[in-house]
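Novice: turn this into a model:
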Amino acid sequence: MINQMQQVVVAGRQRDSRAIMQALQTVGVLHLVPVEGTPGFQTGPLGGAAADDRRESERLLARSESSLAQIGVPKDGGRAALPEENQWAELVEAVATPAAALEDQEAALRADLDARKTYGDVAAVLARLASGLDQRPRFAVLTLTTEKPEELQAADAALRAELQDRYAVSSAPVRDNLTAVVVAVLAADRDRARSALSKARLGELRLPGRFEAMPLSSVVQEFERIGRSADAALSEVQAQKRRLAGQYGPSLLSVRDALADRVAIDDARAQTARGKYGFVLQGYVPTDRVPGMQAALAPFGNGVMTELSAVDEHHSPGSIPVQLKNNDYTRNFEFLLNISDPPRYGTFDPSWVVAFFFPLFFGFIVADIGFGSLFLIAACWMIGKSKRGESLPVGLLGMTLDPSTMYQVGYVLRTMSLWSILFGFLTGEFFGNIMEKLHVFYTDPALIKSFWGVTLAPGEHETGIFPILLPRVLPEFSTTLLLICIALGVVFVLWSWGLRAQLSFKHRQMNHAWEAIGMLGGLVGLILLAYVSKAGRDFGALGNFGNPLVIVMLLGFVVFVGGIIFSRAFLMVIEILSNGGNIISFTRLFAVGVSAAILANLATDVGWSLGGVLPVIGPLLGIVLGLIVHTFLFALTILGHVMQPIRLMWVEYLNPTGFYQENGIRYNPFARASLRK
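Specialist: Modelled structure (predicted):
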């Protein structure tokens, strides 16, 4: 749900402004908003000595952050006791200077190693071909590489056309499809030779950095020296970085946090109205956090005045920050809605709806004990990894899940897997119909008839231990599943428009209220039209006015027309068809789930049939083949298993409520660096 907010104004003495801001920063509950247009007060960025102090703090903060990155200290590392303020600059410089030098050394060593790896074999061949000619002032040596014989022939032809016989070309293979080439010309003909090579679309080989100006023989010698000593030198540089991190890392992290807090205080002071003797700030604080804020300001006594007032959610809801306040279970699902800004203050938080129905719908689609168990193993692995403080690189998406995010993903996946296992018991599926073939699950036509009213044809697997209550792959049961999914669609679409009507009345948005009421009436009429006419098979039943459902249907259409007139939203005539389609969209739960189940049965049948052909090796080959086909089909269908239920939440349910049209401001409390998440 959306946490209740209070608007707050704090006034205090100017000499206490930094101390008061520090107290508010420590408690970390106040969402600041700028004070503007206050006569007699200065607003906006700080000036004078305060601005100079801020620039110095920013400089030290940047130096400390770059130094921490250079010596490899993680941001979540342990902190030491904060040194005295007059020692901060000295500590930062004590780390920054050697850290920058070590970083430069490491960069130079890595550049040398990369150059040797890339050009070492080529340079050796070029030096042998040049035979010291590149060190003679009368001659110029041009080096290049070719990959095809035609390129070398083109270079020779271009040089002959430009220089006749005043050049020499020597070449030798370096490795597969790569040839080193040396062109020797008189020094005066260097530019003409380069022009000729350019016409042949061949570029001169330029060695990187300092190697370009060195003779080829010296380059080879330097590459040999790098090969002998660079790895050891690089290890020594990294060891020095680790020693520097161990000696100064915890203290520098504490100083970095203190500097970040100081810069944040200066930024917050820039949002206040400042006078010669006093200052005023304003913001919002959650109602349940007010006592904490008051306790933080209590030491200042009469030097601080605080005024709290109720927020006006009807006239300015867009300016009120939104903090979601949910239980631990729902909180782990909130990230699924973070694709957009939070809901506007005074509306509703759909987190609990997504938290309950998204994993339920996913379980309804998968409905397989085997696949659900695999999800459960993956979820438990992710949760365990997150509790150990480890991250998870996801190469396919080019991202890394930090421990907190990975825990949430694992928690959601665990819930999805448990629903999958539960529905798997109802459908009797374990990697398809393996358990049916082993007579663990069986289909009882009498039970299905008494429970669902559906008559099943005699089947293959009617003996076993556990009866199947949801035989979704049987053709006779498909209509029942379709009706269940359509009933879910009716509930969700009517629920969403009901929410839209309730919120519109609450905020006195009468056009939207009439639109929602009209749409509710029209949808009720449309649903009853389909029900009474038996999906269009008996339109004559619509004229039976003795049927109360026909009267309700007509009243629904009258309300729909009234909604169009009063809301002046004439496109509702088209929109109601779209909302009818939203109801039908819930049949995706049936279609995606049943198609995946049929494919899983197919994979099992393929392996099972192979196991019955060969007496000994057949079962082993059947298991292997079944696993391969299961893996392939599962990879093809898993994206739909996830996207279809979340799409029903994001589009069919949330769109009519206005969730995406009326976004709010995310609650961002003014807090210390160590408290920020």
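
Novice: rest of the way, CA atoms for contacts and neighbours
Specialist: OK.

Novice: point out where the stretch 501-650 of the chain drops to low pLDDT.
Specialist: 610-616, 618 (pLDDT under 70).

Novice: quick one: the helices in it, in order.
Specialist: Secondary structure of the stretch 501-650 of the chain by DSSP state H, counting those that start in this stretch: the helices cover 510-532, 548-567, 572-585, 588-611, 617-647.

Novice: could you dump the ones you listed into TSV with mean neighbour count and distance to Leu374 added?
Specialist: Output for the helices of the stretch 501-650 of the chain, formatted as TSV (neighbours: other CA atoms under 10 Å; distance: least, CA to CA, whole Å):
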stretch	mean neighbour count	distance to Leu374
helix 510-532	22	40
helix 548-567	19	48
helix 572-585	16	28
helix 588-611	20	15
helix 617-647	17	12
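
Novice: out of those, which comes closest to Leu456?
Specialist: helix 588-611 (17.2 Å; CA to CA).

Novice: and the contacts of that closest one?
Specialist: 361, 364-367, 431-434, 472-473, 481-482, 485, 617-627, 629-630, 633-634, 637, 640-641, 644-645 (CA atoms under 8 Å, 6 or more residues apart in numbering).

Novice: next, the angle from that helix to helix 617-647.
Specialist: 170 degrees (axes from the mean of the first three to the mean of the last three CA atoms, to 10 degrees).

Novice: just the CA trace of helix 588-611, in CSV.
Specialist: Extracted in CSV, the C-alpha atoms of helix 588-611 (Å, rounded to 0.1, in the frame of the first residue of the first chain):
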residue,chain,number,x,y,z
ARG,A,588,-3.5,-17.2,-23.0
LEU,A,589,-3.2,-19.0,-19.7
PHE,A,590,-4.9,-22.0,-21.2
ALA,A,591,-3.3,-21.8,-24.7
VAL,A,592,0.3,-21.4,-23.5
GLY,A,593,0.0,-23.9,-20.7
VAL,A,594,-1.7,-26.6,-22.7
SER,A,595,0.6,-26.3,-25.7
ALA,A,596,3.6,-26.6,-23.4
ALA,A,597,2.1,-29.6,-21.7
ILE,A,598,1.4,-31.3,-25.1
LEU,A,599,5.0,-30.7,-26.1
ALA,A,600,6.3,-32.1,-22.8
ASN,A,601,4.2,-35.2,-23.4
LEU,A,602,5.6,-35.5,-26.8
ALA,A,603,9.2,-35.4,-25.5
THR,A,604,8.3,-38.0,-22.9
ASP,A,605,6.6,-40.2,-25.5
VAL,A,606,9.6,-40.1,-27.8
GLY,A,607,11.9,-41.3,-25.1
TRP,A,608,9.5,-43.8,-23.8
SER,A,609,8.8,-45.4,-27.2
LEU,A,610,12.6,-45.7,-27.8
GLY,A,611,13.0,-47.4,-24.4
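
Novice: list the beta-bridge partners for the most centrally placed residue in the chain.
Specialist: For the chain, Met399 is the residue whose C-alpha lies nearest the centre (CA atoms, centre = their mean; 7.8 Å). Beta-bridge partners for Met399, by DSSP bridges, are Val394.

Novice: dump the residue contacts of the spatially closest residue to Thr427 that is not a sequence neighbour.
Specialist: Once flanking residues are discounted, Thr427 sits nearest to Leu470: 4.7 Å by CA to CA, 6 or more residues apart in numbering. Each residue near Leu470 by CA under 8 Å, 6+ apart is listed here: 426-428.

Novice: I'd like to know how far Leu470 sits from Pro445.
Specialist: For Leu470, the distance to Pro445 equals 11 Å [CA to CA, to the nearest Å].

Novice: next, the buried residues of the helix or strand containing Gln153.
Specialist: Counting by DSSP states H and E, the element that carries Gln153 is helix 149-163. Within helix 149-163, the residues that count as buried by 16 or more other CA atoms under 10 Å are 152, 154-160, 162.

Novice: and what of stretch 112-123?
Specialist: For stretch 112-123, the neighbour count (16+ other CA under 10 Å) marks 112-113, 115-116, 119-120, 122-123 as buried.

Novice: could you give the mean pLDDT of the longest helix along the chain?
Specialist: Secondary structure of the chain per DSSP state H: the longest helix is helix 216-269. For helix 216-269, the mean per-residue pLDDT is 90.

Novice: specify the local secondary structure of the residue nearest to Thr427.
Specialist: coil (DSSP: H, G, I helix; E, B strand; the rest coil).

Novice: report the separation between it and Glu212.
Specialist: 75 Å.

Novice: nearest residue to Ala140 other than its sequence neighbours?
Specialist: Nearest to Ala140 is Ala187, by CA to CA, 6+ apart, at 4.8 Å.

Novice: what do you get for Leu216?
Specialist: Using CA to CA, 6+ apart, the closest residue to Leu216 is Ala127 (5.0 Å).

Novice: ok, the one you found - contacts?
Specialist: So Ala127 contacts 216-217, 220 (CA under 8 Å, 6+ apart).

Novice: what's the answer for Ser340, then?
Specialist: Ser340 sits next to 660, 663 when contact means CA under 8 Å, 6+ apart.

Novice: repeat for Phe333
Specialist: 351, 354-355, 408, 412.

Novice: most surrounded residue in those?
Specialist: Val354 (23 neighbours; other CA atoms under 10 Å).

Novice: any idea which helix or strand carries it?
Specialist: Here Val354, judged by DSSP H and E, is contained in helix 351-366.

Novice: what residues does that helix touch?
Specialist: With CA under 8 Å, 6+ apart, helix 351-366 has contacts from 1, 326, 329-331, 333-334, 337, 372, 412, 415-424, 589-590, 592-594, 596-597, 641-642, 645-646, 649.

Novice: can you pick the most crowded of the contacts of Ala127?
Specialist: Busiest of the contacts of Ala127 [other CA under 10 Å] is Leu216, holding 27 neighbours.

Novice: now it: how far from Asp134?
Specialist: 7 Å.

Novice: count the neighbours of Gly301 for me.
Specialist: 8.

Novice: got phi/psi on it?
Specialist: Backbone torsions of Gly301, given as degrees, to the nearest 10, read phi 60, psi -130.

Novice: also the one 3 residues further on?
Specialist: Val304 adopts backbone torsions of phi -130, psi 140, taken as degrees, to the nearest 10.

Novice: what's the answer for Ala273, then?
Specialist: Dihedral angles for Ala273 - degrees, to the nearest 10 - are phi -100, psi 120.

Novice: again with Gly664
Specialist: phi -110, psi -170.

Novice: quick one, what contacts it?
Specialist: 317-322, 341-345.

Novice: how does it look with 7 Å?
Specialist: Contacts here follow CA atoms under 7 Å, 6 or more residues apart in numbering; on that basis Gly664 touches 318, 321-322, 341-345.

Novice: per-residue pLDDT, it?
Specialist: 85.

Novice: can you count the residues close to Val311?
Specialist: Neighbour tally, Val311, other CA under 10 Å: 19.

Novice: against Gln7, how distant is it?
Specialist: In terms of CA to CA, Val311 sits 6 Å off from Gln7.

Novice: now Ala671
Specialist: Taken as CA to CA, the span from Ala671 to Gln7 is 18 Å.

Novice: between these two, which one's more packed in?
Specialist: A direct count of neighbours by other CA under 10 Å for Ala671 and Gln7 places Ala671 higher, at 22 against 19.

Novice: for the more buried one, helix, strand, or coil?
Specialist: Under three-state DSSP, Ala671 comes out as coil.

Novice: ok, it - contacts?
Specialist: 25-28.

Novice: and with 10 Å instead?
Specialist: Applying CA atoms under 10 Å, 6 or more residues apart in numbering to Ala671 gives the contacts 21-31, 261, 264-265.

Novice: just those residues now: which is nearest Asn582?
Specialist: Once CA to CA is applied, the member of the contacts of Ala671 that ends up nearest Asn582 is His31, at 38.8 Å.
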